[in-house]
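Got a sequence here, can you model it:
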Amino acid sequence: MTPPSSPADVPIRDEPIRIGQFLKLANLAEDGGHARELLESGLVTVNGEPEYRRGAQLRRGDVVAVDGRSVRPV
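Numbering: from 1, shown residues only. As a prediction, the model looks like this:
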């Protein structure tokens, strides 16, 4: 088993950013509907905790993981 890689940095303009928007910006979701599916399915974690709310607010430095890929807004 390979160790998890360091989160990739994804630049954001404004803080906070909604998780649905961020998933699209980070190319973890194709569109808003896909972002909703990922969240509702429990496939998204924020700072190691499951996140189900599409409107959840992220701040710089939060670590978002989906399917083994982790990113963070900067």
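
what's the average pLDDT for the helix or strand containing residue 39?
Taking DSSP states H and E as the definition, one finds residue 39 inside helix 32-40. Here helix 32-40 scores 96 as its mean pLDDT.

what's downstream of it, the next helix or strand?
Next in line after helix 32-40, if elements are assigned by DSSP H and E, sits strand 44-46.

one step back: any buried residues in the helix holding residue 39, and which?
For helix 32-40, the neighbour count (16 or more other C-beta atoms under 10 Å) marks 35, 38, 39 as buried. No exception for glycine: its C-beta is placed from N, CA and C like everyone else's.

residues contacting the most centrally placed residue in the chain?
The chain has residue 64 as the residue nearest its centroid, 3.8 Å off, counting by C-alpha atoms, centre = their mean. Counting by C-beta atoms under 8 Å, 6 or more residues apart in numbering, residue 64 touches 7, 19, 22-23, 26, 28, 44-46, 51, 58, 70-73.

List buried members of those by neighbour count.
The buried subset of the contacts of residue 64 (16+ other C-beta under 10 Å) comprises 7, 19, 22-23, 26, 28, 44, 46, 51, 58, 70-73.

Residue 13: which of those is nearest?
residue 73 (10.0 Å; C-beta to C-beta).

got a pLDDT number for that closest one?
For residue 73, pLDDT reads 96.

Tell me the spatial nearest neighbour of it, not counting adjacent residues.
Distances taken as C-beta to C-beta, 6 or more residues apart in numbering put residue 12 closest to residue 73, at 4.5 Å, once the chain neighbours are dropped.

Next, the one you found: phi, psi?
When read as degrees, to the nearest 10, the backbone of residue 12 gives phi -120, psi 150.

how many neighbours does it have?
18 (other C-beta atoms under 10 Å).

Renumber starting at 18 from here on
Okay, using 18 as the starting number, the last item reads as residue 29.

Looking at it now. What's its pLDDT?
The confidence metric pLDDT takes the value 94 at residue 29.

quick one on the thing from earlier: what bridges to the residue nearest to the centre of the chain?
Assessed by DSSP bridges, residue 81 has beta-bridge partners residue 63, residue 88.
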